[in-house]
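Participant: Sequence first, predicted model second:
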Amino acid sequence: MKSIFIVVLSIIMVACAGTKKQGMTIASPVNKEVMSHENEPILLGRINREGLTRGTYANWFNTEYNNYRVDEKALEPVKSKLKGLTVLVFMGTWCEDSQREVPRLFKIADYLGFKDKNIQIVSLDNHPDRYKQGPNREEQGYNIQLVPTIIFQRDGKELGRIVEYTQVSFEADMAAILAK
């Protein structure tokens, strides 16, 4: 009986510690809102679409998402390259570039039928002492200098990234990354 208790306790401890996926430790909770040093609400740590489409974030997310027009023609070569693709996003809900590019990513993902479960998002801090850091230092090892940084990966290997803003358009940049 004691050994069963120890096994169950070990399983619970491992589950609560977070999971490791493609080199990044993902810890709970999801969509944690905190007050920034400027007394503004920000999301911090692991987040998802649900967190971005509620509260103060919904205004900028939904506006950009709804107003963005997908360049369907530019995405033609992308459609056949989605298998095994994951997207890792480092952003700040306080960052105007993130507020522009992340809703566009989701609009394109919806057009392509790319599932949200394949998009991992970490929202970083804007406090001067923790600038562009996740609460669990999730950004370590990814060389995050600017946000958003949108990293396209296959089988844990980075294919390319969009950093802060696109070079041509989101669709064209994505097609160039996936063509490699």
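Facilitator: The structure has been received and is ready for your questions.

Participant: Would you state the helices of the protein in chain order?
Facilitator: With DSSP state H as the criterion, the chain has helices at 2-16, 49-52, 55-67, 72-75, 96-112, 170-178.

Participant: Report the buried residues of the fourth one.
Facilitator: Read that as helix 72-75. Ala74, Leu75 (16 or more other C-beta atoms under 10 Å). For every residue, glycine as well, the C-beta is placed using N, CA and C.

Participant: With the longest one instead?
Facilitator: Of all the residues in helix 96-112, those buried under the rule 16+ other C-beta under 10 Å are 98-109, 112.

Participant: In the residues you listed, find the pair that's most separated.
Facilitator: Spatial extent of these (C-beta to C-beta) is set by the pair Gln99 and Leu112 at 21.6 Å.

Participant: Please name the spatially closest residue to the residue most central in space within the chain (chain neighbours excluded).
Facilitator: Ranked by distance to the mean C-alpha position of the chain (C-alpha atoms, centre = their mean), the top residue is Ile121 at 2.0 Å. Nearest residue to Ile121 in three dimensions, chain neighbours excluded: Val89, at 4.4 Å (C-beta to C-beta, 6 or more residues apart in numbering).

Participant: For the one you found, give me its contacts.
Facilitator: Val102, Leu105, Ile119, Gln120, Ile121, Val122, Pro148, Thr149, Ile150, Ile151 (C-beta atoms under 8 Å, 6 or more residues apart in numbering).

Participant: Thanks again, I'm all set now.
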